[in-house]
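**Q** let's see this in three dimensions:
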Amino acid sequence: MSFTEIVETARGPSLWRPEHVAAVALREDMVPPCIGAQDVVPVLPGLDVWDMWPLARRDGVAVKLEGATLWFALAAPRFPDPIERHGHARIRLLILRDGTWHDGGPVFEDGFAPGSRDWSGSAILDEESGCVTLFFTAAGRSGEARLTVEQRLFCTSGTLDLSGAYPRIRQWSAPREFVVSDDRIYTLVDQAEGAPGELKAFRDPGYFRDPADGGEYVLFAASYKPSSHKNNGMIGIARSEDRSMKRWTLLNPLITADGVCNELERPHAVAYGGRYYVFWSTQASVFEQGGPVGPTGLYGMVAPSLFGPYRPINGSGLVLANPPSEPSQAYSWWVMGDLSVTSFIDYWGLRGRLLADHPELIRSQFGGAPAPFLQLCLNDDRAWLAT
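**A** Now for the predicted structure:
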C-alpha cells in the first residue's frame with residue numbers, strides 16, 4: 001500500500017460545526033490567571049522560544065530523567081518584529097530541573113534538517129532501548145533561495161545519553177518523510193508564499209498510542225482539499241503498520257472544521273477515564289468571516305474510541321481561553337497524559353491595547369518564553385482548570 005492511499009475508517013470525520021462555536025460560554029474555571037512580568041522569564045539569551053512539547057512516554061506523560069524533564073521547542077533570534085521568528089525556527093532542546101530551565105542546545109546540527117526551518121512536532125522515548133523518536137514538520141526545503149511555506153512530515157530517531165551533566169540526544173538517524181499528502185482529501189501544501197493565519201496545513205505531527213490495542217498513530221493539522229470555503233481546517237491521522245514505525249498509512253481525517261475555522265493547530269490525543277480526547281489550538285482570527293467566532297484558546301472533542309464519533313467538550317469545543325482582558329497572552333497549548341498543560345507566552349500585558357495601534361509594544365510585550373503550567377480536569381465531556 002502506498003503512502004498516498006487513504007484507508008477509509010469505520011466512521012467518517014466528526015464535524016466541528018458553526019453551532020458548536022456559537023455555543024461558546026466562557027466560565028471562570030476555563031480562564032487561567034493573567035500573566036505578569038514575574039512570569040516572563042526568558043529561557044535562552046537572545047532567543048525567542050515557543051511551541052513546546054515534552055520527551056514523553058507512549059502514554060503522553062513527560063519522562064523524568066534524574067529529576068529533570070526534557071523539552072523540545074521552536075527557537076529563533078529575537079527580531080524587532082517577533083512574527084519573523086517563523087522564518088528562522090529551529091528545534092531546541094530544553095531541560096527543566098527544579099523549576100529552572102536549562103539550554104540543551106540545538107537538536108540538530110547545521111544542515112541536518114530537510115527544511116529551511118523546523119516547525120512543531122512531538123517526541124517519545126522507548127524506555128527499554130533509550131531510543132528517542134522525534135516527529136517534526138519540515139517547512140520549506142534546505143538551501144532554498146527564498147523561503148516557501150511547503151510543509152512535510154518527518155521523523156528521526158536518536159539515542160538518549162545520560163552521561164553528562166544534562167541529558168542529551170545523539171546519533172540522529174537520517175530524517176525520513178513518513179507520511180505524504182494524497183492531494184485529494186488532504187491538501188498538498190507546497191505553496192511558495194502565504195500569510196500568517198491563512199496558510200493551509202500539513203504539519204504538527206502529534207504521536208498517540210491507543211491503549212485499547214497498542215496501535216500507534218500520528219495526528220496532524222491539515223486542510224480539506226475538496227472544500228469551497230476559505231477556512232477548511234481539519235485534523236488528519238496516520239497509522240504505523242509495524243513497531244519500527246517505518247511504514248505508515250494515511251487514514252481518513254478524524255475531525256473537520258470546513259467553513260468554520262482555518263487552523264486546528266498542534267492536534268494531539270489523550271486517553272483518559274475510558275474516553276479519547278483530541279485537543280487543538282485555534283486563534284480568534286482564523287474563524288470563518290461572517291460566522292461565529294471563538295476566543296483564542298485550547299479546543300477539543302471527546303469520543304468513546306479513537307475514531308469517534310466525537311462531540312465537542314463543554315458543548316462548544318472550548319476547553320480554556322485567555323482572559324478576556326488579555327486575549328493573546330498565551331498560545332499553543334499541549335495537554336500531556338497526566339493532564340498538565342504547557343504553552344508559551346505570546347503578547348501579554350496589553351491591557352486592552354491593540355498592537356495595530358501600538359507598534360511600540362510588538363517587541364516589548366512578546367513573551368517568547370514558556371508560560372506557567374496549568375492543570376486540566378476532565379469528566380466525560382466536561383473540562384475545567386484545577387485551582
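
**Q** low-confidence ranges in the stretch 1-150 of the chain?
**A** 1-11 (pLDDT under 70).

**Q** the strands in the stretch 101-250 of the chain, which residues?
**A** In the stretch 101-250 of the chain, strands defined by DSSP state E, counting those that start in this stretch lie at 117-126, 131-139, 151-161, 168-170, 176-179, 202-209, 216-223, 232-240, 248-258, listed in chain order.

**Q** for the ones you listed, give me a markdown table that also has mean neighbour count and distance to residue 29.
**A** In this view, the C-beta of every residue, glycine as well, is placed from N, C-alpha and C. Formatted as a markdown table, the strands of the stretch 101-250 of the chain follow (neighbours: other C-beta atoms under 10 Å; distance: least, C-beta to C-beta, whole Å):
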| stretch | mean neighbour count | distance to residue 29 |
| --- | --- | --- |
| strand 117-126 | 23 | 28 |
| strand 131-139 | 23 | 33 |
| strand 151-161 | 20 | 36 |
| strand 168-170 | 17 | 38 |
| strand 176-179 | 18 | 37 |
| strand 202-209 | 25 | 26 |
| strand 216-223 | 26 | 27 |
| strand 232-240 | 25 | 26 |
| strand 248-258 | 23 | 24 |
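
**Q** residue 61: which of these is closest?
**A** strand 117-126 (10.6 Å; C-beta to C-beta).

**Q** what lies in contact with the closest one?
**A** Under the criterion C-beta atoms under 8 Å, 6 or more residues apart in numbering, residues 51, 53-58, 63, 72, 74, 86-91, 108, 131-140, 147, 151, 160, 203-207, 218, 266, 268, 332 lie in contact with strand 117-126.

**Q** and the strands of the stretch 101-250 of the chain: which comes nearest residue 346?
**A** Taking the strands of the stretch 101-250 of the chain one by one with C-beta to C-beta, strand 117-126 is closest: 14.7 Å.

**Q** partner strands of that closest one, parallel or antiparallel?
**A** In the sheet, strand 117-126 lines up against strand 47-56 (parallel), strand 131-139 (antiparallel) (DSSP bridges).

**Q** now the angle between strand 151-161 and the shortest one, please.
**A** Looking back up the chat, that one is strand 131-139. 150 degrees (axes from the mean of the first three to the mean of the last three C-alpha atoms, to 10 degrees).

**Q** between strand 131-139 and strand 216-223, how many degrees?
**A** 10 degrees.

**Q** dump strand 131-139 to CSV, restricted to CA.
**A** Taking Å, rounded to 0.1, in the frame of the first residue of the first chain, the C-alpha atoms of strand 131-139 are listed here in CSV:
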residue,chain,number,x,y,z
CYS,A,131,15.7,5.3,21.7
VAL,A,132,14.1,8.7,21.1
THR,A,133,11.8,9.2,18.1
LEU,A,134,11.2,12.8,17.1
PHE,A,135,8.3,13.7,14.7
PHE,A,136,8.5,17.2,13.3
THR,A,137,7.5,19.5,10.4
ALA,A,138,10.0,20.4,7.7
ALA,A,139,8.9,23.9,6.4
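
**Q** if anything else comes up later, I'll come back, but that's it for now.
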